[in-house]
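S.K.: Structure, please.
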Amino acid sequence: MDEFSYSQQLIEVLSQLDALTNWEERPRGGMRVNLDPIADLMLRLGEPHKRFQSIHVAGTKGKSSTCALLEAALMKGNIRIGRYTSPHVDHICERISISGHPVPELDLANAITAALAALRAARTAGTSAKDATWFDILTASAFLLFQKYNVEWAIVETGLGGRLDSTNIVASDVQVITNVELEHTEVLGSTRSQIAFEKAGIIKQGSHVITPLSGTDEAGRVIEARAKELGATLTRSAPGATILERNKNAARQVLKAVNLLNGNIGDWLLDDDTAASTKLPGRLEFCTAEVNGTMVPVVFDGAHVPFNLAAVLADIEGKISAQPCVAVVAIAIDKDADGLLRVLLDRNVQAIFTTANSRSRSSQDLHDLAKRIGLRSSTAENPGSAYLAALHQASEQRGWVLVTGSLYLVSLVHQFA
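M.R.: Below is the predicted model:
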């Protein structure tokens, strides 16, 4: 599905939703500082977030993939599962799934309509939900749908940070913090310790916490201290040699924790076949494109922090023999552009810079930065032009194409793939 296949009813509802503040598409320095709007929304909607048990997933990268692994494993254990992740790549219904399937458009439209009605009532009454954002409404809609479908466990991914994220309204039984790196520093803080404090804000009293971060790591120490303060059981998962292994190790520890709460669940549910079945758009997504009779390998991955881009390139090395790599790149203004470009330089990648949305750093700025560090690069007016240029360049050089730096860029380029 893509955005042009939306039903008329969903289009009309989304036009109302899009009138609200959407922090996914604008600079985030002015984001709100409390959960009062989502709490008021939940109260007005009958507290649907209290109708299921939940696993809350935070971290700089790997959240959506970990959620997908957990969903597949728990479905194998015959548990009714709901999953809420963000952002979407091709269709907004990707964000909310029931037992492995995106929610039907009509159901999503009805849920958003109900949440918007609660917003209007709050505006009339002058209560906190009057300030609800785009993400608040969509989060409320997800919980309404989980209630509608009688899910037993919900897997909920944070949108940004954790402590003040709308999703933190859930009283989760298990929390996962996949990793902590510098991101959204204008909101979360300028050090890994400060960012870890925000992500550790999802930890609940007496819950189970899983993270691969060690006690010698500055972010790991913050998470450990918060878990101890709340009497939560902290389990450290093995880091893993690849991205998939790291996520699988964390997910398997979550399954052990769920078994303590639910019974008949365990890490055996996440075998290699189950893990291999969990493919998400824009996360190590492999395909090919034909250019003048030549098949060019293409990889989509929205890696937006240096350590994850390095891990993505390391994972791909063993799967693609073609060389060199031509990368189509867009980077948000709040990301570590210098760090990301240095990863590309270390791997001898050629970059074509473009922009994905209003939060993207200009392609010329990235090109100038690339010149300063010695990275070969060029610019393209829009993502489609950048992608086509990359395909032709890779075809001439018998190389491959990587689309990276932003899931929003992946979404746009998908239309041309």
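
S.K.: mind listing the strands for this structure?
M.R.: Remark: strands assigned in the chain by DSSP state E are 53-58, 81-84, 96-98, 101-102, 153-157, 174-177, 208-211, 233-236, 285-291, 294-300, 325-329, 350-353, 377-379, 400-404.

S.K.: Give me the helices and strands touching the third one, please.
M.R.: Pointing back at strand 96-98 there. Other elements packing on strand 96-98 under the criterion 3 or more C-beta pairs under 8 Å, 6 or more residues apart in numbering; DSSP states H and E are strand 81-84, helix 134-148. Placement of C-beta: from N, CA and C, glycine included.

S.K.: hang on, the earlier thing: which one of the strands of the chain lies closest to His392?
M.R.: The minimum distance between His392 and those falls on strand 285-291, with 6.0 Å, by C-beta to C-beta.

S.K.: circling back: how about the helices and strands packed on strand 96-98 in JSON lines, adding mean neighbour count and distance to Ser321?
M.R.: Shown next, in JSON lines, are the helices and strands packed on strand 96-98 (neighbours: other C-beta atoms under 10 Å; distance: least, C-beta to C-beta, whole Å):
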{"stretch": "strand 81-84", "mean neighbour count": "27", "distance to Ser321": "35"}
{"stretch": "helix 134-148", "mean neighbour count": "25", "distance to Ser321": "41"}
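
S.K.: Any chance of a markdown table for those, columns mean pLDDT and distance to Arg221?
M.R.: Output for those, formatted as a markdown table (pLDDT from 0 to 100; distance: least, C-beta to C-beta, whole Å):
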| stretch | mean pLDDT | distance to Arg221 |
| --- | --- | --- |
| strand 81-84 | 98 | 29 |
| helix 134-148 | 97 | 30 |
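
S.K.: Please name whichever of the ones you listed is nearest to His304.
M.R.: helix 134-148 (18.0 Å).

S.K.: Against which helices or strands is that closest one packed?
M.R.: helix 8-17, helix 36-44, strand 81-84, strand 96-98, helix 105-125, strand 153-157.

S.K.: For the residue lying closest to Asp365 once chain neighbours are set aside, give me its contacts.
M.R.: Once flanking residues are discounted, Asp365 sits nearest to Ala337: 7.8 Å by C-beta to C-beta, 6 or more residues apart in numbering. By C-beta atoms under 8 Å, 6 or more residues apart in numbering, Ala337 lies in contact with 331, 361, 365-366, 369.

S.K.: Most neighbours among those residues, which one?
M.R.: Ile331 (28 neighbours; other C-beta atoms under 10 Å).

S.K.: mind checking how far the spatially closest residue to Ala114 that is not a sequence neighbour is from Asn382?
M.R.: The shortest distance from Ala114 to any residue other than its chain neighbours is 6.0 Å, reached at Leu144 (C-beta to C-beta, 6+ apart). Per C-beta to C-beta, to the nearest Å, Leu144 is found 37 Å from Asn382.

S.K.: Then Phe146?
M.R.: Counting by C-beta to C-beta - Phe146 and Asn382 are separated by 38 Å.

S.K.: where does the stretch 51-200 of the chain dip in pLDDT?
M.R.: Along the stretch 51-200 of the chain, segments meeting pLDDT under 70 span 185.

S.K.: can you rerun that using 80?
M.R.: Within the stretch 51-200 of the chain, the ranges that satisfy pLDDT under 80 run 183-187.

S.K.: and if you look at the stretch 251-400 of the chain?
M.R.: In the stretch 251-400 of the chain, residues with pLDDT under 80: 318.

S.K.: Going along the chain, name the helices of it.
M.R.: Taking DSSP state H, counting those that start in this stretch, the helices of the stretch 251-400 of the chain run over residues 272-276, 306-317, 337-346, 363-373, 383-397.

S.K.: JSON lines for the ones you listed, including distance to Ser207?
M.R.: What follows is these, written out as JSON lines (distance: least, C-beta to C-beta, whole Å):
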{"stretch": "helix 272-276", "distance to Ser207": "25"}
{"stretch": "helix 306-317", "distance to Ser207": "26"}
{"stretch": "helix 337-346", "distance to Ser207": "33"}
{"stretch": "helix 363-373", "distance to Ser207": "41"}
{"stretch": "helix 383-397", "distance to Ser207": "41"}
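
S.K.: Of those, which is nearest Ala219?
M.R.: helix 306-317 (12.1 Å).

S.K.: Domain-wise, how is this structure divided?
M.R.: 3-276, 285-414 (automatic domain parsing).

S.K.: okay if I get the helices and strands packed on helix 134-148 as a markdown table plus distance to Phe135?
M.R.: Putting those into a markdown table (distance: least, C-beta to C-beta, whole Å) gives the following:
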| stretch | distance to Phe135 |
| --- | --- |
| helix 8-17 | 10 |
| helix 36-44 | 9 |
| strand 81-84 | 11 |
| strand 96-98 | 13 |
| helix 105-125 | 11 |
| strand 153-157 | 12 |
